[in-house]
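K.L.:
Just need the structure, nothing else, for what follows:
(chains A and B, ligands or ions: 1)
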Amino acid sequence: MGERLIVSKIRDGTVIDHIKAGRALEVLKILGISGKEGNIVAVVMNVSSKKLGRKDIVKVEGVELGKEQVDLIALIAPDATINIIRDYDVAEKYRVKVPEKISGLLRCVNPNCITNQPREPIETSFRVVNVSPLKLKCEYCGVVITEELLEKLVEEIA
Amino acid sequence: MWRGKDVLSITEFSKQDLRVLFDEAERYLRIIEEGEITEDLKGRILATAFFEPSTRTKLSFQSAMLRLGGKVIDLPPAMASSIAKGENLADTIRMLDAYADIIVIRHKVEGAARFAAKISNSPIINGGDGTRDHPTQAMIDLFTIKRELRKIENLSVGVLGDLKYGRAARSFILGIAKYNPQLYLISPEILKVREDVIDLLEEMNIKYEEVTDLKEVLSELDVLYVTRIQRERFPDPMEYERVKGSYKIDEKTLSGAKDNLIILHPLPRVDELDFSIDKTSHARYFQQAAYGVPVRMAILKLVLSGE
Ligand SMILES: [Zn+2]
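P.N.:
Got it, this is the predicted structure:
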């Protein structure tokens, strides 16, 4: 079956291309897309790619995802490209960029960190201290999150 | 530079900030020694909120504020312990913020002071949080070196003890690192400094060596900073028994040290520093403790009404 048959073009929305193979579902998690929102969402996994060998693609119909939101994808898919589609045409295209700060998305792995205390009105905050390999640092307790650990934390996102 | 600034970590203060601090501390030291009276912070209120007990740090902050002509309110220990058990820290900080001009907080949870600083309009001083930061202790330590050795740059400095969980040791290492030292990090294998400290030392291009035996480096040292190793840190009690002797210092240990080596300790000590050292010229930990008040006076003054 040809890949073109699996995914048809969308009219308006966002296409996230060049996602590292097997990571599409995590990309949806990071974006907070569960499928219950009602838009058409196409997830294509492990298709062949000149650049990556194999890759995943996510298409979301009817939503133009904001840059701040999609940049979080760079945490697990640093090569991902974003295509904003309007009336079947690519209106904007850019590559995701690792943000400087990540707020609220990930849990801190240090149980003695203030962000893990119950009943405090606080959200986690990590500063990106290195891009490749990716290294995050908790703004509160200073714990360093390496790439390996990050994958686990992304899997945990509800 | 200082005014209105939260004092959360020694890493957030430049050498220039510290120079200003040391000048001010020197001035207050003279005032204390000469029995003079100052009212630099007359009418101002300091709140102390210690969620983890520490008599020394709390009393020295309170004494500092009173010596500046200011007033002190204290979160009652019973209330602090009920909050530590799970009531809300954020609301307590909001309350103290309304009652005081500046707040000193100590907490066993890491990042508590930084969180308090986000909530409070009044400046927050970190009186020690978790296993990471104790910036005012580091400022006192650096002031002690400057005063006792008349210099602080390019020294050969050994830091001994629990370098992994000890916040005083960690803060001291990151503080002295600003002054281009040759660092010797002396600890048992399982209490070596954490990776984030090593990363910072590398970033700052500091010459450092990690060793397990003081004897290897003792003759090099200008400063030896001693901290306590707690039995509870060792999962295997036999391991503690095996290594503990190497991290206790008495007169005999010090044969081979430079004549002008100075020994510091954040106190209280248990048995890591033998009393026999107290009378030697190496011992400067009592001076260090005494500098606590003038340095904290300088901190309070600079944050509340400095440049
Ligand atoms: Zn943390």
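
K.L.:
contacts and neighbour counts: CA atoms only from here.
P.N.:
Noted.

K.L.:
Okay, now the unreliable bits of chain A?
P.N.:
A:1-7, A:158 (pLDDT under 70).

K.L.:
Next, the buried residues of stretch B:268-284.
P.N.:
The neighbour-count check on stretch B:268-284 (16 or more other CA atoms under 10 Å in any protein chain shown) flags B:E272, B:L273, B:I277, B:D278, B:H282, B:A283, B:R284 as buried.

K.L.:
and the end-to-end length of that stretch?
P.N.:
End-to-end distance for stretch B:268-284, by CA to CA, to the nearest Å: 14 Å.

K.L.:
Just the closest of the buried residues of stretch B:268-284 to A:G142, please.
P.N.:
Using CA to CA, B:E272 is the member of those that sits closest to A:G142, with 28.9 Å.

K.L.:
Compute the distance between that closest one and B:N205, please.
P.N.:
Distance of B:E272 to B:N205, given as CA to CA: 31 Å.

K.L.:
For chain B, what's its nearest residue on chain A.
P.N.:
Proximity of chain A to chain B (CA to the nearest CA) peaks at A:Y140, 4.3 Å away.

K.L.:
any idea which element that residue lies in?
P.N.:
Using DSSP states H and E, A:Y140 sits within no helix or strand.

K.L.:
same deal with A:I57?
P.N.:
Taking DSSP H and E as the criterion, A:I57 maps to strand A:53-61.

K.L.:
buried stuff in that strand?
P.N.:
Within strand A:53-61, the residues scored as buried using 16+ other CA under 10 Å are A:R54, A:K55, A:D56, A:I57, A:V58, A:K59, A:V60, A:E61.

K.L.:
And for stretch A:109-121?
P.N.:
Buried residues in stretch A:109-121, counted by 16+ other CA under 10 Å: A:V109, A:N112, A:C113, A:I114, A:T115, A:N116, A:Q117, A:E120.

K.L.:
Stretch B:201-217 now?
P.N.:
Result for stretch B:201-217 [16+ other CA under 10 Å]: buried residues B:L201, B:I206, B:Y208, B:E210, B:V211, B:T212, B:D213, B:L214, B:K215, B:V217.

K.L.:
Just to be sure, the fourth one is in a strand?
P.N.:
This points to B:E210. Yes: when DSSP: H, G, I helix; E, B strand; the rest coil is applied, B:E210 is found to be in a strand.

K.L.:
Could you identify the longest helix within chain A?
P.N.:
In chain A, assigned by DSSP state H, the helix with the most residues is helix A:147-156.

K.L.:
Tell me the one of the buried residues of stretch B:268-284 nearest chain A?
P.N.:
Of all the buried residues of stretch B:268-284, chain A sits closest to B:E272, with 27.5 Å by CA to the nearest CA.

K.L.:
show me the contacts for the closest residue to that closest one other than its chain neighbours.
P.N.:
Sequence neighbours aside, B:K248 is the residue nearest to B:E272 in space, at 4.2 Å (criterion: CA to CA, 6 or more residues apart in numbering or on different chains). When contacts are counted by CA atoms under 8 Å, 6 or more residues apart in numbering or on different chains, B:K248 touches B:D271, B:E272, B:L273, B:D274.

K.L.:
Any figure for the gap between the first one and chain A?
P.N.:
If I follow you right, that is B:D271. 28 Å (CA to the nearest CA, to the nearest Å).

K.L.:
residues contacting residue 25?
P.N.:
Reading this off chain A. A:V43.

K.L.:
wrong one, chain B
P.N.:
B:P294, B:V295, B:R296, B:M297, B:A298.

K.L.:
Neighbours of residue 70, how many?
P.N.:
Unless you meant another one, I'm taking chain A. Other residues lying near A:V70 total 21 when counted by other CA atoms under 10 Å in any protein chain shown.

K.L.:
You answered for a different chain; I wanted chain B.
P.N.:
Counted with other CA under 10 Å, B:G70 comes out at 19.

K.L.:
Wait, it touches B:G43, no?
P.N.:
Yes: with contact defined as CA atoms under 8 Å, B:G70 reaches B:G43; the gap is 5.5 Å.

K.L.:
that older thread, make TSV out of the buried residues of stretch B:268-284 and add pLDDT.
P.N.:
As requested, those are exported to TSV (pLDDT from 0 to 100):
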residue	pLDDT
B:E272	92
B:L273	95
B:I277	96
B:D278	96
B:H282	97
B:A283	97
B:R284	98
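
K.L.:
Adding secondary structure, write these out as CSV.
P.N.:
Below are the buried residues of stretch B:268-284 laid out as CSV (three-state DSSP):
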residue, secondary structure
B:E272, coil
B:L273, strand
B:I277, helix
B:D278, coil
B:H282, coil
B:A283, strand
B:R284, coil
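
K.L.:
Now do the end-to-end distance for stretch B:173-188.
P.N.:
End-to-end distance of stretch B:173-188 (CA to CA): 17 Å.

K.L.:
For that stretch, what is the distance to the chain centroid?
P.N.:
On the basis of CA atoms, centre = their mean, to the nearest Å, stretch B:173-188 sits 14 Å off its chain's mean C-alpha point.

K.L.:
quick one: buried residues of that stretch?
P.N.:
Judged by neighbour count using 16+ other CA under 10 Å, the buried positions of stretch B:173-188 are B:173-188.

K.L.:
same question, stretch A:41-57
P.N.:
A:V41, A:A42, A:V44, A:M45, A:N46, A:R54, A:K55, A:D56, A:I57.

K.L.:
and what of stretch B:48-60?
P.N.:
B:T48, B:A49, B:F50, B:F51, B:E52, B:T57, B:K58, B:S60.

K.L.:
cool, stretch A:98-108 as well?
P.N.:
Residues A:V98, A:P99, A:I102, A:L105, A:L106, A:R107, A:C108 are the ones in stretch A:98-108 that count as buried (16+ other CA under 10 Å).

K.L.:
Give me the spatial nearest neighbour of the residue in the stretch 151-300 of chain B that chain A sits nearest to, chain neighbours excluded.
P.N.:
In the stretch 151-300 of chain B, the residue that lies nearest chain A is B:D196 (7.2 Å; CA to the nearest CA). Once flanking residues are discounted, B:D196 sits nearest to A:V144: 7.2 Å by CA to CA, 6+ apart.

K.L.:
Contact partners for residue 68?
P.N.:
Chain wasn't specified; assuming chain A. A:P99.

K.L.:
Let me rephrase: I mean chain B.
P.N.:
By CA under 8 Å, 6+ apart, the contact set of B:L68 is B:I37, B:T38, B:E39, B:D40, B:L41, B:K42, B:M297, B:K301.

K.L.:
where's it relative to A:P118, distance?
P.N.:
As judged by CA to CA, B:L68 and A:P118 stand 38 Å apart.

K.L.:
And B:D196, by the same measure?
P.N.:
Per CA to CA, B:D196 is found 26 Å from A:P118.

K.L.:
Burial check on residue 139, number of neighbours?
P.N.:
With no chain named, the answer covers chain A. 21.

K.L.:
oops, I was thinking of chain B
P.N.:
24.

K.L.:
Please apply the same query to B:E307.
P.N.:
When neighbours are defined as other CA under 10 Å, B:E307 has 11 of them.

K.L.:
got the contact list for the residue nearest the centre of chain A?
P.N.:
Central residue of chain A (CA atoms, centre = their mean): A:I73, 2.3 Å from the mean position. Neighbouring residues of A:I73 by CA under 8 Å, 6+ apart: A:V27, A:I30, A:L31, A:A80, A:V96, A:V98.
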